[in-house]
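> dropping the sequence and predicted coords here.
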Amino acid sequence: MQDRIWKTVNNSDAFIPLPGGIGTLEENFQITSWDQLNIHYKLIGLLNVDGFFNKLLSFLDQAREENFIPHLVQQIFISASTAKEMIDKLVDFVYKQDPVAAQVDWSKGIGSKRRKLDLSLHL
């Protein structure tokens with residue numbers, strides 16, 4: 001699973017999970033935590049078809065309000081109900097880096113393997 005997610009990170013400009021099950025949520029939160037840790041700087045959009053992710057977004061709001069997650073995590077998710085709205089939001093998005101996590105150097109990756117990530121965004 002880790003290798004598949006690394007390939008996704010290395011070969012994508014953004015992540016837009018569609019409504020799905022546990023595996024979808026697990027991968028989405030893995031990618032989100034990597035964003036929070038500045039392992040990648042790619043956008044994460046939730047295509048909130050028919051309000052599918054409303055309860056998840058409410059949960060994240062509550063977790064932020066109760067200080068379980070930092071405020072900047074909320075800006076990681078770009079939510080839209082249509083593909084056109086999602087594209088517009090992705091194009092207009094301005095990334096705000098967490099000043100604490102920005103000091104972490106992930107250039108060596110996990111373990112002893114050296115990983116190189118192309119962190120540029122091409123829309």
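Thanks, I have the structure now.
> drop to CA atoms for contacts and neighbour counts, all remaining ones
Noted.
> chain center to the least confident helix or strand in the chain by mean pLDDT, what's the gap?
Within the chain, no helix or strand scores below helix 71-76, which has a mean of 72 by mean pLDDT, DSSP states H and E. Between the centre of helix 71-76 and the centre of its chain there are 10 Å (CA atoms, centre = their mean, to the nearest Å).
> okay, now the sheet partners of the helix or strand that that helix is followed by, with direction.
Under the assignment DSSP states H and E, the closest C-terminal helix or strand after helix 71-76 is strand 77-80. Here strand 77-80 is paired, per DSSP bridges, with strand 43-47 (parallel).
> keeping just the C-alphas, turn the strand it pairs with into CSV.
In CSV, the C-alpha atoms belonging to strand 43-47 read as follows (Å, rounded to 0.1, in the frame of the first residue of the first chain):
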residue,chain,number,x,y,z
LEU,A,43,-3.9,19.8,-3.1
ILE,A,44,-6.5,17.5,-1.7
GLY,A,45,-10.0,18.0,-2.9
LEU,A,46,-13.1,16.2,-1.6
LEU,A,47,-15.7,15.9,-4.3
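> quick check: phi and psi on the residue nearest to D50 when sequence neighbours are not counted?
Distances taken as CA to CA, 6 or more residues apart in numbering put S81 closest to D50, at 6.9 Å, once the chain neighbours are dropped. As for S81, its main-chain torsions (degrees, to the nearest 10) stand at phi -100, psi -10.
> again with the one 3 residues further on
Note on K84: its backbone torsions stand at phi -60, psi -50 [degrees, to the nearest 10].
> and the gap between it and L47?
For K84, the distance to L47 equals 10 Å [CA to CA, to the nearest Å].
> equivalent analysis for I31, please.
Per CA to CA, I31 is found 16 Å from L47.
> and V91, by the same measure?
In terms of CA to CA, V91 sits 15 Å off from L47.
> try F93
15 Å.
> show me where this structure has its helices.
Secondary structure of the chain (DSSP state H): helices at 2-10, 22-36, 54-65, 71-76, 83-92.
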